[in-house]
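>>> Predicted structure and sequence below. I'll ask about it afterward.
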Amino acid sequence: MFRLPISVLGLSLVASITLAHGDVAPQAVDTDALPDVGEEWLIENPYRDAGPEVWAKAIEIGDSGYNQNCARCHGLGVVSGGLAPDLRYLEAEEYGDEWFVERFQTGYTQNGITKMPAFGELLGQKAAWAIRTYVETRPDDGALDDYTVRLKEIRDSLAGMSGDEDASALQAELAEIAAEIETGSGAPVADSPAYRAANLISGDTPNFKAASEALTIGLSAAH
């Protein structure tokens with residue numbers, strides 16, 4: 001696993017979440033692979049600077065947890081349709097963390113109607129920070145635009161490659177592109193399709209098919 005080299009809140013903290021969420025049962029998130037963070041709730045993301053392996057695992061778990069519990073209102077890929085705050089622009093620092101975890105713990109009610117359930121006791125702190133890690137690493141709007149054509153070409157090349165072919169040049173190019181893609185939150189590394197694909201073809205057992213699929217899915221979500 002490689003780690004790429006290493007803002008004003010871009011949404012209103014009082015924005016109304018107009019799509020009711022209270023009738024949806026929260027889905028459990030398996031966080032056993034993540035380090036414990038203690039019983040007392042933290043106010044800063046403990047997985048942000050916990051090292052590349054923990055960081056990557058938090059994103060993987062957070063991706064699943066977000067799509068099971070949050071995407072219905074906040075949008076697939078954390079791209080809001082305007083009915084709920086776009087969480088990509090919640091600053092990746094203590095101020096944003098504190099707001100995120102408070103809302104995660106207590107939920108949001110407006111005029112006696114539950115717009116967002118309280119996830120704290122149901123899902124736990126580790127799930128909260130995993131989701132936070134995934135959310136804060138989403139690419140900014142338009143961040144992939146300059147690279148879309150080339151990424152599609154790389155995707156098509158990877159789709160036709162076999163396990164014994166040398167993909168070091170493509171891996172290096174993907175890593176270079178990934179380093180240029182900015183997050184909406186100001187987090188230093190974006191969990192972009194280029195980043196995922198580069199990781200999938202690194203090491204001794206490159207997975208070209210999975211890398212091609214990651215690019216396909218990521219580019220589709222970006223548009």
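Looks like it came in fine. Residues are numbered from 1 along each chain as shown.
>>> From Ala58, how far off is Ala128?
To Ala58, Ala128 is 11 Å away according to CB to CB, to the nearest Å. Glycine gets a C-beta too; all of them are placed from N, C-alpha and C.
>>> center of this protein, which residue is that?
By CA atoms, centre = their mean, the chain has its centre lying nearest to Tyr134, at 2.6 Å.
>>> Could you say which helix or strand holds that residue?
The secondary structure element spanning Tyr134 is helix 125-136 (assigned by DSSP states H and E).
>>> so what does that helix touch, helix or strand wise?
Here helix 125-136 is seen to pack against helix 52-69, helix 94-106 when contacts are counted using 3 or more CB pairs under 8 Å, 6 or more residues apart in numbering; DSSP states H and E.
>>> Compute the inter-axis angle for it and helix 52-69.
Between the axis of helix 125-136 and that of helix 52-69 there is an angle of 90 degrees, by axes from the mean of the first three to the mean of the last three CA atoms, to 10 degrees.
>>> still on that earlier bit, looking at the helices and strands packed on helix 125-136, spot the one closest to Asp166.
helix 52-69 (24.1 Å; CB to CB).
>>> Could you figure out how far that closest one is turned away from helix 94-106?
40 degrees.
>>> what's next to helix 52-69, contact-wise?
1-3, 24, 26-27, 29-31, 33-35, 47-50, 74, 76, 78, 119, 123, 127, 129-135, 137, 191, 199 (CB atoms under 8 Å, 6 or more residues apart in numbering).
>>> Now that we have those, which of them are buried?
Buried members of the contacts of helix 52-69, scored by 16 or more other CB atoms under 10 Å, are 26, 29, 31, 34, 47-48, 50, 74, 78, 119, 123, 127, 129-135, 137, 191, 199.
>>> And Ile59, how far from Ile201?
Per CB to CB, Ile59 is found 18 Å from Ile201.
>>> so where's this protein shaky on pLDDT?
Screening the chain residue by residue with the criterion pLDDT under 70, one finds the ranges 1-24, 222-223.
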